[in-house]
Each structure stands twice: as C-alpha cells, then as structure tokens.
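Enquirer: need a structure here:
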Amino acid sequence: MPLSVVILAAGQGKRMQSDLPKVMQPLAGRPLLAHVIACARELDPDGIHVVYGHGGERVREAFAGAPVQWVLQAEQHGTGHALMQAAPGIPDDHTVLVLYGDVPLNRPETLRSLLAAAGERQLAVLSVRLAEPTGYGRVLRDNAGNVYRIVEQKDATRKELAVDEVNTGLMAAPASALKGWLGRLSNDNAQGEYYLTDVVALAVRDGFAVEAVIAPTVAEVLGVNDKLQLAQLETEHRQLVAEAMMRAGVTLVDPARIDVRGRIEHGRDVFIDANVLFEGEVKLGDRVRIGPNVVVRNCEIGADTVIHPNCVLEQSVIGKDCSIGPFARMRPNNRLADGVHIGNWVELKNSQVGEGSKANHLTYLGDTTVGSKVNVGAGTVTCNYDGANKHRTLIGDGAFIGSGAMLVAPVTIGERATIGAGSTITKDAAAGKLTIARSRQLTVEGWQRPVKKPPTA
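Expert: Residues are numbered from 1 along each chain as shown. Purely as a prediction, here's the structure:
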C-alpha cells in the first residue's frame with residue numbers, strides 16, 4: 001500500500017526550560033525533528049506530514065527546504081487530536097505511519113517491521129519492554145497474547161501498572177479505518193485529551209487484529225522531555241555512531257570521546273584519538289590519522305594525512321600525505337594539494353597551497369595562492385585586508401619566504417623568488433631574484449631610556 005508518514009511535532013516542551021521549540025532542540029548538531037524526517041525519508045513514503053504548533057513559524061523556517069507538508073495544530077488537545085489535523089490530507093488507500101518529533105533515534109529497519117505488521121484489517125503498534133515503565137502507557141494483552149488495549153499511566157489500575165510492556169506511541173494503520181477511529185475518540189480521561197492510543201480498543205471492537213511489534217532496542221524509542229533526557233540521547237547517539245565506525249574498521253582510542261554531528265565517510269585503517277569532534281559533511285581517506293582535541297567541520301581529508309593535536313579545520317579540502325598542526329587553524333575555503341605541511345600556530349583562510357609546500361610555524365595565509373614546493377618562513381603574514389576590502393597574494397612555484405616577512409596584498413611573489421627575512425613587501429617581487437625590504441639599522445649614540453619620575457609629596 002502507498003505510505004503516508006505523519007510526524008507529531010506540536011508539543012511545547014515546557015520541561016526543556018527553553019525558548020527554543022522542543023523539536024528544535026539539538027541532538028548531534030541537528031534539531032530533533034531533522035533526525036525524524038531523515039529516518040522517514042529512508043522509507044520512501046508518498047508523503048510526510050508534520051503536525052506543528054508551538055513555535056510553529058520558527059520550526060517551518062528552519063525546515064524551509066524539507067520535502068514535507070505542514071499541518072497546524074493551533075490548540076493542543078492530545079495526540080489523537082494532533083493526528084485528526086493531518087487526516088484530511090491523507091488518501092484513504094494509504095498506510096499511515098505515526099512518528100514523533102521528539103523521538104529522534106528511530107531505525108528504518110524497525111519501522112519497516114512495524115509497517116509489515118499492518119494491513120487492511122490490522123493495526124500495528126510499536127512497543128518496548130522496560131525494567132522501569134513508570135510514565136508510559138501499558139500494552140495490555142489477553143490470555144492468548146493478543147493486544148486489546150493501551151492504558152495511559154494516569155488511568156491505569158495497580159495491576160495494569162505492573163505490566164512492563166509499554167507503548168512507544170508509534171503505530172501503523174490503514175488510513176480509512178484510522179480516520180474512522182479518530183472520529184470516535186473521546187476526551188473522557190484524567191487529562192481531558194484525545195488519546196491516539198484509544199484507537200487500539202476501537203480497532204479491537206471493530207474486529208481488527210492488533211499486533212504489537214517489540215522494538216529490539218530501548219534507545220530507538222526514547223523520547224525527549226527535558227535537557228537531562230536530551231543529554232542521555234546524545235550519549236546513545238554517540239555510542240551508536242562509534243560502534244558503526246569501529247565495525248567498519250576505524251580505530252577509536254576512546255569511543256566515549258568522539259562526537260559526530262553530521263555525516264562522516266571514511267576509508268580503511270583510519271585512526272582517531274580522544275576528544276575529536278566532527279561536524280557537517282566529513283570525508284576521511286584511507287589511513288588518515290587524527291590526534292586528540294581536534295575539530296573537523298565540513299572537510300575532506302586525503303589518504304595518509306596526519307592531523308596533529310589541537311587543530312580546528314573547517315570547510316577545507318586537504319590532499320593526500322599532508323601534515324597539519326599541531327595547533328593549526330584552517331578557516332573556510334582552503335584547498336591543499338598533496339604533501340603540504342601546515343605547522344604549529346599557522347592559520348589559513350580562503351587559500352590554495354600547491355603540492356609539497358610548507359608553512360611550518362606562526363604564519364597567516366589569507367586570500368593567498370601558494371604554488372608548489374614553496375617554503376613560507378616562521379612569522380610570515382599575508383596582509384590581505386586594507387580596512388575595507390580583501391586582496392590576494394600570489395606566491396609562485398619554488399619561492400622561499402624568509403621569516404618575519406609581511407606580504408602586503410595585492411602582491412605577487414615570482415617563481416623561485418627569495419624574500420629576505422624581516423622584509424615588508426609592498427610591490428611585486430621578481431622571479432628568481434632576492435628581494436629585501438628592510439629599514440636601515442641604526443644605533444643612536446647617547447640615547448637614554450626614559451625613567452619614571454619620583455612620586456610628588
């Protein structure tokens with residue numbers, strides 16, 4: 001049957017104690033809702049409907065490009081009421097899968113099992129067994145093991161509260177029948193709300209089979225209600241990603257001290273030390289080694305490259321067999337060819353560095369094009385900003401830049417040119433020649449260093 005996914009995302013999240021809407025709270029660098037939408041898309045549905053409410057326009061703006069249909073729940077009267085808002089936009093011949101914007105770690109394979117258990121005359125709910133089920137609706141089965149009802153915590157008897165199989169809220173059902181059950185819901189309960197879970201009893205009354213598919217892991221069905229639970233899910237997510245990377249052959253010195261806030265691709269025999277943060281889209285080639293305390297954001301790093309400790313790299317492409325750091329910073333829009341060395345306390349921004357070139361110490365290369373086999377001495381600065389505009393520095397192949405040089409852009413250093421240490425270069429330097437631009441050294445005879453005046457009485 002065709003599939004429509006409905007994501008319920010209208011909750012306020014008062015316990016978050018935050019001005020940020022609940023489904024916008026960040027998990028692994030992305031809003032909770034982004035994780036749910038991404039999972040839903042892996043099921044290749046015919047439509048994804050997001051029911052929103054609190055902070056609605058802010059949520060819609062954050063997901064302006066998402067392939068979803070937005071449904072407003074102006075007033076919140078329970079999960080059943082939320083689904084009522086989306087129901088008119090769903091064709092009767094579809095299967096409806098209900099997800100939640102604050103349950104971010106759903107796994108596509110589990111949801112496919114849930115969908116397989118639903119049918120024209122069958123409702124499927126996702127349950128999980130908890131050692132401590134307090135706060136969750138209980139899944140009630142008859143003596144034959146058939147599900148006949150879900151009861152909320154506040155409405156459960158003492159006997160029902162002893163049940164350890166709980167409802168996750170996720171369900172799959174034929175759209176036509178589901179719409180009928182929604183129309184028959186009542187808010188005669190302890191919270192005065194329309195419970196979506198009440199459709200289970202209505203389905204049984206109508207002769208439908210109800211199957212509870214038990215989730216294989218607890219983490220994938222955990223919801224987020226406060227910052228403590230958010231941190232717990234961050235830990236779960238980190239562990240899941242680390243385990244997947246290690247199974248794929250990556251060596252992690254400490255799996256508890258790696259964060260992947262985005263997507264990472266990697267080759268074989270990659271080594272990652274402790275306290276490394278990946279953000280956005282990251283690609284690591286074979287045998288890349290990353291030292292401790294490194295941040296990598298939207299970068300591609302070529303095979304056999306070593307990132308030494310305490311580097312921050314963002315929006316850059318680094319070639320093969322490079323050496324970066326320690327304590328290097330690569331601001332956005334850099335491209336390094338193979339065999340480049342960027343050393344300690346070197347900063348790059350919007351620069352290209354050719355094959356085999358080196359800038360090993362205390363250097364700033366901004367808006368710079370460096371040729372191949374160039375040596376940039378310690379303390380070199382490309383002076384690219386005149387207070388209003390940025391200008392480029394061009395350094396030709398084989399050039400040698402002496403220590404402490406100031407290259408005032410726009411300026412070109414010719415191929416195999418040599419710049420004397422301590423020079424301030426304001427004009428183009430000829431290829432193959434030595435260029436020196438220093439003030440004449442003077443010693444002033446008889447000069448006395450000023451001394452402090454004694455305090456007055």
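
Enquirer: Tell me where the stretch 351-457 of the chain has helices.
Expert: For the stretch 351-457 of the chain, no helices turn up when DSSP state H, counting those that start in this stretch is the criterion.

Enquirer: what comes up buried for the longest helix along the chain?
Expert: Ranked by number of residues, the top helix in the chain under DSSP state H is helix 227-247. Buried residues in helix 227-247, defined by neighbour count with 16 or more other C-beta atoms under 10 Å: 230, 233-234, 236-238, 240-242, 245. Glycine gets a C-beta too; all of them are placed from N, C-alpha and C.

Enquirer: Would you mind listing the buried residues in stretch 60-80?
Expert: 62-63, 66, 68, 71, 73, 78-80.

Enquirer: Kindly check the end-to-end length of it for me.
Expert: End-to-end distance of stretch 60-80 (C-alpha to C-alpha, to the nearest Å): 22 Å.

Enquirer: Could I get the average pLDDT for that stretch?
Expert: With pLDDT averaged residue by residue, stretch 60-80 scores 92.

Enquirer: Please list the outside residues in contact with whichever helix or strand Val317 is part of.
Expert: Element membership for Val317 (DSSP states H and E) is strand 316-318. The contact list for strand 316-318 (C-beta atoms under 8 Å, 6 or more residues apart in numbering) reads 299-302, 305, 324, 330, 332-336, 340, 348.

Enquirer: what's the answer for stretch 400-411, then?
Expert: 367, 374-384, 390-395, 413, 417-429.

Enquirer: which ones are touching the residue lying closest to Asn350 once chain neighbours are set aside?
Expert: Computed as C-beta to C-beta, 6 or more residues apart in numbering, the closest residue to Asn350 that is not its neighbour in sequence is Asn333, at 4.4 Å. Going by C-beta under 8 Å, 6+ apart, Asn333 touches 315-316, 349-351.

Enquirer: re the thing from before, strands - which of the contacts of strand 316-318 land there?
Expert: 300-301, 324, 330, 334-336, 348 (DSSP state E).

Enquirer: Now list the buried members of these.
Expert: 300-301, 324, 330, 334-336, 348.

Enquirer: Throw the residues you listed into a markdown table and include distance to Val213 and pLDDT, thanks.
Expert: Rendered in a markdown table, the data for those read as follows (distance: C-beta to C-beta, whole Å; pLDDT from 0 to 100):
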| residue | distance to Val213 | pLDDT |
| --- | --- | --- |
| Glu300 | 40 | 98 |
| Ile301 | 41 | 98 |
| Ile324 | 48 | 98 |
| Met330 | 47 | 98 |
| Asn334 | 49 | 98 |
| Arg335 | 49 | 98 |
| Leu336 | 50 | 98 |
| Leu348 | 52 | 98 |
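
Enquirer: about what we covered before: just checking, next helix/strand downstream of the longest helix of the chain?
Expert: Heading C-terminal from helix 227-247, the first helix or strand you meet, by DSSP H and E, is strand 251-252.

Enquirer: which strands and helices sit next to whichever strand or helix holds Val200?
Expert: Per DSSP H and E: Val200 is located in helix 199-205. On a contact count with 3 or more C-beta pairs under 8 Å, 6 or more residues apart in numbering; DSSP states H and E, helix 199-205 meets strand 122-129, strand 147-151, strand 165-174, helix 175-183, strand 209-214.

Enquirer: which parts of it are buried?
Expert: 199-204.

Enquirer: Can I get these in TSV including pLDDT and distance to Ser113?
Expert: Shown next, in TSV, are the buried residues of helix 199-205 (pLDDT from 0 to 100; distance: C-beta to C-beta, whole Å):
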residue	pLDDT	distance to Ser113
Val199	93	20
Val200	91	18
Ala201	90	23
Leu202	95	24
Ala203	95	19
Val204	92	21
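
Enquirer: so which of those residues would you say is closest to Pro450?
Expert: The nearest member of the buried residues of helix 199-205 to Pro450, counting by C-beta to C-beta, is Val199 at 87.9 Å.

Enquirer: Need the max-distance pair from the contacts of Asn333.
Expert: Gln315 and Ser351 (12.1 Å).

Enquirer: tell me the domain boundaries of this structure?
Expert: Per the record, the chain has its domains at 3-221, 258-435, by automatic domain parsing.

Enquirer: Including distance to Gly446, could these go into CSV?
Expert: Output for those, formatted as CSV (distance: least, C-beta to C-beta, whole Å):
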stretch, distance to Gly446
domain 3-221, 65
domain 258-435, 26
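
Enquirer: Could you pull up the residues touching the closest residue to His81 other than its chain neighbours?
Expert: Spatial nearest neighbour of His81, excluding adjacent residues (C-beta to C-beta, 6+ apart): Tyr194 at 4.4 Å. Going by C-beta under 8 Å, 6+ apart, Tyr194 touches 77-81, 84, 185-187.

Enquirer: how about stretch 314-333 as CSV, C-alpha atoms only?
Expert: This file holds the C-alpha atoms of stretch 314-333, laid out as CSV (Å, rounded to 0.1, in the frame of the first residue of the first chain):
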residue,chain,number,x,y,z
GLU,A,314,36.6,23.9,8.6
GLN,A,315,35.3,23.9,5.0
SER,A,316,38.5,22.8,3.5
VAL,A,317,39.9,20.2,1.2
ILE,A,318,43.2,18.6,2.2
GLY,A,319,45.1,16.4,-0.1
LYS,A,320,47.0,13.2,0.4
ASP,A,321,50.0,12.7,2.6
CYS,A,322,49.7,16.1,4.3
SER,A,323,50.8,17.1,7.8
ILE,A,324,48.6,19.6,9.7
GLY,A,325,49.3,21.1,13.1
PRO,A,326,49.6,20.9,16.0
PHE,A,327,47.6,24.0,16.9
ALA,A,328,46.8,24.9,13.3
ARG,A,329,43.6,26.6,12.2
MET,A,330,42.0,26.3,8.8
ARG,A,331,39.2,28.8,8.3
PRO,A,332,36.8,28.2,5.4
ASN,A,333,37.6,27.8,1.7
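
Enquirer: Off-centre distance for it?
Expert: Here stretch 314-333 shows a centroid-to-chain-centroid distance of 20 Å under the convention C-alpha atoms, centre = their mean, to the nearest Å.

Enquirer: What's the end-to-end length of stretch 38-45?
Expert: The first and last residues of stretch 38-45 sit 12 Å apart, counting by C-alpha to C-alpha.

Enquirer: My error: substitute stretch 68-82 in the last question.
Expert: End-to-end distance of stretch 68-82: 16 Å, with C-alpha to C-alpha as the criterion.

Enquirer: Let me see the residues that make contact with that stretch.
Expert: In contact with stretch 68-82 (C-beta under 8 Å, 6+ apart) are residues 7-8, 10-12, 37, 47-54, 56, 60, 85-86, 89, 169, 182, 185, 187, 191-199.
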